[in-house]
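Q: Okay, predicted coordinates and the sequence, questions at the end:
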Amino acid sequence: MADGVYPPSKTTPRPGGHSFPPTKSQATGATRLAYRPHPAKARPSRRSSSRGFCCSCCLCFFVLLAVLFVLATVSGGIFYALYRPRRPAFSVTSFRVVAFSISSSGHVTSRFEVNVTSRNPNKKLAYLYDPISISVVSGGADIGDGSFPAFAQDSGSVTRLSAAASSAGQALDSATASELRRSSGGGVPVVVEMETKAGVKIGGLKTKRVGMKVRCEGLSVALPKGKKPAAVSSGGDCAVEVRVKIWKWSI
């Protein structure tokens, strides 16, 4: 096979008839690609970085909440299985009207003797009570106030409480005052409300005290008429409500 014949490369003549061979760059210039700089990589903006950091923080926060919820649930289940906690029980053992009168202007003067029994049905838990406030309510009106002293109640024990609730010049609305005057000598429905804070003692451990409200309904008392003493009443169904406060809310 015959060798190919290539025309000699052109050279630029120099004055005087002399010429130099082409340089290496001239010889390869026809096939060399032009240089194109690579585009610079875009750097992430500060806004996207901050957004990613916030998402990571939120995810960690919710994971932590989930872990704490699981731990609290497990701990509560173990505590309930070991101690079987039950709410205390209250009942009004006796309620007597010592004095009761309503002035012409609708102001009530009263004195009541209230005896309450508190029972702790738990076998391993003791209750620690702050002073218990008492309110005697009839027809939605407060007609007497008093209090029981603070006390500690051992597991499985029964505690009897006695106190006087009174009112000196408490103003009543005209409708309530008229109703109570008409009921003098007969049966008047009365509600005994008690409010306190109580904690639990387990061995040497004491919990934080939480709010507790007791409402005893179904009492019917006889108001005294003249100098005749009123009969002693007893009974009434007492409902116990425990109030746990979380931040600004009460549960």
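A: Sure, I can see it.

Q: Could you list the low-pLDDT ranges of the stretch 51-200 of the chain?
A: Where the stretch 51-200 of the chain drops to pLDDT under 70, the residues are 51-53, 75-83, 184-186.

Q: what are the ranges of the helices in it?
A: 174-182 (DSSP state H, counting those that start in this stretch).

Q: Walking through it, point out its strands one by one.
A: Assigned by DSSP state E, counting those that start in this stretch, the strands in the stretch 51-200 of the chain fall at 89-102, 107-119, 126-129, 132-138, 141-148, 151-153, 158-171, 187-202.

Q: Residue 213 is nearest to which of the ones you listed?
A: Of all the strands of the stretch 51-200 of the chain, strand 187-202 sits nearest to residue 213, with 5.0 Å by C-beta to C-beta. Placement of C-beta: from N, CA and C, glycine included.

Q: Could you give me the buried positions within that closest one?
A: 188, 190-202 (16 or more other C-beta atoms under 10 Å).

Q: returning to that earlier point: so which of the strands of the stretch 51-200 of the chain gets nearest residue 181?
A: Nearest to residue 181 among the strands of the stretch 51-200 of the chain is strand 89-102; the distance by C-beta to C-beta comes to 5.8 Å.

Q: What is the closest one packed up against?
A: strand 107-119, helix 174-182, strand 187-202, strand 210-222, strand 233-235, strand 237-243 (3 or more C-beta pairs under 8 Å, 6 or more residues apart in numbering; DSSP states H and E).

Q: Give the partner strands of the helix or strand following the longest one in its sheet and their orientations.
A: Pointing back at strand 187-202 there. Along the chain past strand 187-202, the next helix or strand (assigned with DSSP states H and E) turns out to be strand 205-206. With DSSP bridges as the test, strand 205-206 is paired with strand 187-202 (antiparallel).

Q: picking up where we left off before, any idea which of the helices and strands packed on strand 89-102 gets closest to residue 167?
A: Nearest to residue 167 among the helices and strands packed on strand 89-102 is strand 107-119; the distance by C-beta to C-beta comes to 4.7 Å.
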